[in-house]
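*Asks:* Next one to model:
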Amino acid sequence: MTDYDDPAVEEQWCNERRAHVIGYLKAQCVEHGRVGEWPAWHVAPYVSVWAIESKKAPDWVGWWVICGDLPTDYVSSASIRHPREAVRAIAQRWRELVPYLERGEKPPSFDLGTAENRATLAPLLKARSELLMDWVEDDAIWPQ
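*Replies:* Have a look, this model is predicted:
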C-alpha cells in the first residue's frame, strides 16, 4: 500500500498531477502562463487544485485546474480567487451535468464522454461532485 503521508510519495504524486495538468491544458488549447510548482490545495491521492498563470496578466492566476482520482477540469479565475471556491464551482457544474448524462445526452457546451458511456459516467460524476462539496464545506481541511 502506498503511503501518501511520506513526503517523497506525496511529492511524486503531485509532480505526476502537475505533468497531467500541463498535458491537459495543451490538449484543451488553453492559453496560459506558468503552472504552479505545487498544488494550491490537495488531498493525495484523490484531488489536487492547481493555480494556472494568466497569459494576459502575468503573475496573476487566470485558471484553476482540478485533477486526481476524478475528471480533470478547469474554471476561469475571473470571479474565483481561492482554490476552495474553484472546487465549489467545478462540483456545482458537474452536478448540473449529471441529469444530461443519466439520459445519455451530451451536456450543452460541455464535452464529456461518448454516447455509449454517458449513462455509466453519471453516477461516478455525481459521487465525485458530492464528495467535493463535502470537502468544500469542511473547514478543517482548508488552511486559514
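
*Asks:* any low-confidence regions in this protein?
*Replies:* Applying pLDDT under 70 to the chain flags residues 113-115.

*Asks:* most centrally placed residue in the chain?
*Replies:* I66 (1.6 Å; C-alpha atoms, centre = their mean).

*Asks:* Okay, and it sits in which element?
*Replies:* Secondary structure from DSSP states H and E places I66 in strand 61-68.

*Asks:* who touches that strand?
*Replies:* Under the criterion C-beta atoms under 8 Å, 6 or more residues apart in numbering, residues 17, 20-21, 24-25, 30, 32-33, 35, 40, 42-56, 72-77, 80-81, 83, 86-87, 90 lie in contact with strand 61-68. C-beta: built from backbone N, CA, C; applies to glycine.

*Asks:* now, which of those lie within strands?
*Replies:* 42-43, 47-53, 72-76 (DSSP state E).

*Asks:* What is the nearest of those residues to A127?
*Replies:* Nearest to A127 out of the ones in strands among the contacts of strand 61-68 is V47 (C-beta to C-beta; 12.9 Å).

*Asks:* How about the closest one: what's its closest non-neighbour residue?
*Replies:* G68 (4.0 Å; C-beta to C-beta, 6 or more residues apart in numbering).

*Asks:* any idea how far the one you found is from E31?
*Replies:* Separation of G68 from E31 (C-beta to C-beta, to the nearest Å): 24 Å.

*Asks:* neighbouring strands for the strand holding I66, and are they parallel or not?
*Replies:* According to DSSP bridges, strand 61-68 forms sheet pairs with strand 47-53 (antiparallel), strand 70-76 (antiparallel).
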